[in-house]
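Participant: curious how this folds, go ahead:
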Amino acid sequence: MNNVHRSIWSSKTGTFTAVSENVKAAGKKSMSGTSAAGSRARLALNAISVAVMLAFGANVYALPVGGVVTAGSASIHSGTGTTTIHQATQNAAINWQSFNIAAGQAVQFVQPNASSVALNRVVGANPSSILGSLSANGKVFLVNPNGILFGQGASVNVGGLVASSLNITDKNFMAGNYTFTDAGPGSIVNQGTINANGGYVALLGANVSNQGVISANSGTVALAAGNAITLDMAGDGLLNVVVNQGAVNALADNGGLIRADGGVVLMTAQAAGTLLQTAVNNTGVIQAQTLDNRGGSIKLLADMQGGTVNVGGTLDASAPAGGNGGFIETSAAHVKVQGGARVTTAAANGQTGTWLIDPQDFIIGAGGNIDGTTLSGQLVTNNVNITTMPGTGNGDIFVNDAITWNAGGNFTTLSLTAARDVNINQSITATNGNVSVCCGRDINLSAAAAISTTDGSVLLSAGRTANINGAMTTIRGNIAICAAENINISGALTLKNGSSIPAQSLGLPLGLTLNAGYGATGPGTGGGTVVFAPGTAPVAMTDAPATINYNPVSYAAPTDYLPNFTLVTSTLTQHMLVFASGADKTFDGSTAATFSGLKGAPADVSLVAGPGSSANFVDAAVGENKVVTYNGYSLTGANASKYALALNCCGPVLARTTASIKPGAIVVPPGLGTQGDGLVAPGESVTGNGTRPNGSSIRNYSPPLPEQYVTPPLVALTVVPSEIPTVTVVEETPPPAIVAPPASEKAEQPKAVAPPEAPPRPRKQDRG
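Facilitator: Reported below is the predicted structural model:
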């Protein structure tokens, strides 16, 4: 009899069954044994194909077989249609030849308490098929490198569940170190119903998928794809999941229902290398609504080098009853939002939550990451924060589709935060909404586009230049435009009635603020002016103040911007920026900084530190023209009202300047260098380049780093032989100095005694 076999579908058991090659199958559900490897390699994204792969070749048993307790204490009792495991210790590990539950059969774990954990490791060659009932008053781990299928009709009710194709050692498990490594070839798939309310459900493997129902209210549901994963029990039913090592073609997929109201849902996949791709897909429903004022969180995270998150179906972190909306994050190198996707963090009686989208680059428009119509709809029920991270992309954001929304009384904000540029090529129109744009380089508002808000505010902050070529209009809101260098304006700016209402003010100063040159190095250097193109319509201000902060060419020749404004019951205040001059200091190991005054010496104004103020170098190392940041300082003096400190408008509001940390004196131990024909005296101080305070230099001197100028004490070292070829280092205490006795006492001194033939052997060094 040969070993050639094939698998046919059994409607009775709900699995594939290994049979002789001569047995015929009913229909098209048979699989050739010789094609199994190819099927695994071509993993499909639908549950049927995955289930076929899992069940192929499995010997069907009604209940678990061959259980052996390997750690802790437990007893196994098998009856007709039921297996009961009585666990006597808090943690117990059992190796099984197979772990299956047929339809209509049941496995129950009776554990000491809800915190007890039972590890079930399958050491046989077949995947696990769970089609019946699995229950426990505590937590159950099921580990099978060949895969696990919770089929249709499966019912799991436990305090916590981990289903994994990655292994965990008994030692780590018993110690509570839940580190899983070395993913097997099998996938983890759920098509049944899994409940662990107040606890957690974690599906771990290279490929994990949910096509059924998973529920863990006030707890955590995690689908994590990788080759090494660590679980950390955070308490209160929450679970922290870290993918320590990625897997080839890692995939986390949801096409069913995942519910964790008042808890956390995490889907994550990490690649095995920077050139490999991962995917996190949602086409089903993920719900983590606010429960008992405890907000829910949904995170879909793929690799930031080449991973993709596909957002479809429903992501619901709303607060439909007595609380605030939750938090949703979709982060990967590429994030694609389907047109029919529904994402919501709305709150019926609280504050709307936030949806964070975090890719390398982002395009709003046809062929991009999301179209304008879809984004407009999402802004009705979410604060949307699109933040790009540099990687293989540039970190740019493009608005190529028009965006229009009315958030009603919720006041939502569209935030565009780019590592490099933000290019607004189509209009943005918000009612009861705000627009916030921050970038590391340039903001470009094209002449064909416009930004308009009603009952909302606008912030545009550029790390280099803000180019405002289109129109900007705000009614009952504020506008702030900031740039490290120039603000170039050729579009019409109109503002009526500023706002101090927190939800629609963005925390900005009342009215209009133009702040150019906060990145300059001093008056007249590094740019930093507001430039109105010839023929530009005057800025129209009605019932709201306007403020301009700019870097002047000279404090003696200020610029007057009043001709560029039309003011109706409004005022214009103009400030010249001042820049602190950082004081150089000698290295002392700290980052503390001080100032020597203001650059350009503006008359009758000085810098004063307020309560809680601070000024610090970026680090304590020696260097020239190092950045110094400071906050909590203000201006004082007779002309203080004419000036303003150079401050940025996005991120931590810190002022910046530069200064140097000089090398300090170095205590040189004997023998490091020579001067003339003698050694440097012990403990003598020299400068970093080897010069004494008296001006003489040290020949052949190689200065150590200034941070290392504190010389450690010298310790005598002795090499002691050993039976094994190692060197043992022994610290010896120097003998006390010998003082000669008075001459009258010399005759009474005892004769010298010969030392022992060999000193006692020191204890061997621990090789650890």
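Participant: partners of the longest strand anywhere in the chain in the sheet?
Facilitator: In the chain, ranked by residue count with DSSP state E as the criterion, the top strand is strand 623-636. Paired neighbours of strand 623-636 in the sheet (DSSP bridges): strand 606-617 (antiparallel), strand 655-662 (antiparallel).
Participant: redo those strands as JSON lines? Include mean pLDDT.
Facilitator: Formatted as JSON lines, those follow (pLDDT from 0 to 100):
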{"stretch": "strand 606-617", "mean pLDDT": "94"}
{"stretch": "strand 655-662", "mean pLDDT": "91"}
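Participant: can you list these in JSON lines and add distance to residue 350 and mean neighbour count?
Facilitator: Where you see a C-beta, it was placed from the backbone N, CA and C, and this is true even at glycine. Listed next are the strands paired with strand 623-636 as JSON lines, based on distance: least, Cβ to Cβ, whole Å; neighbours: other Cβ atoms under 10 Å:
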{"stretch": "strand 606-617", "distance to residue 350": "32", "mean neighbour count": "14"}
{"stretch": "strand 655-662", "distance to residue 350": "36", "mean neighbour count": "19"}
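Participant: as a markdown table, these with distance to residue 211 would be great.
Facilitator: Output for these, formatted as a markdown table (distance: least, Cβ to Cβ, whole Å):
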| stretch | distance to residue 211 |
| --- | --- |
| strand 606-617 | 53 |
| strand 655-662 | 53 |
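Participant: and these: which comes nearest residue 359?
Facilitator: Among the strands paired with strand 623-636, strand 655-662 comes nearest to residue 359, with 29.0 Å by Cβ to Cβ.
Participant: buried residues, the longest strand of the chain. List them.
Facilitator: Within strand 623-636, the residues scored as buried using 16 or more other Cβ atoms under 10 Å are 626-631, 633, 635.
Participant: number of nearby residues for residue 652?
Facilitator: For residue 652, the count of nearby residues is 7 (other Cβ atoms under 10 Å).
Participant: switch to numbering from 48
Facilitator: OK, 48 is where the count begins now, so the last one is residue 699.
Participant: separation between it and residue 444?
Facilitator: Distance, residue 699 to residue 444, by Cβ to Cβ, to the nearest Å: 21 Å.
Participant: go on, residue 547?
Facilitator: Distance check for residue 547 against residue 444: by Cβ to Cβ, it reads 29 Å.
Participant: between the two, which has more neighbouring residues?
Facilitator: Neighbours were counted for residue 547 and for residue 444 using other Cβ under 10 Å; residue 444 has more, 26 against 11.
Participant: next up, phi/psi of the residue nearest to residue 418 when sequence neighbours are not counted, please.
Facilitator: Leaving out its chain neighbours, the residue that sits closest to residue 418 by Cβ to Cβ, 6 or more residues apart in numbering is residue 448, at 5.6 Å. Backbone torsions for residue 448, taken as degrees, to the nearest 10, come to phi -120, psi 150.
Participant: wait, residue 448 sits on residue 412?
Facilitator: Yes - between residue 448 and residue 412 there is a contact at 4.1 Å, judged by Cβ atoms under 8 Å.
Participant: hey, what's in contact with both of the two?
Facilitator: When contacts are counted by Cβ atoms under 8 Å, 6 or more residues apart in numbering, residue 448 and residue 412 have 418-419, 473 as shared neighbours.
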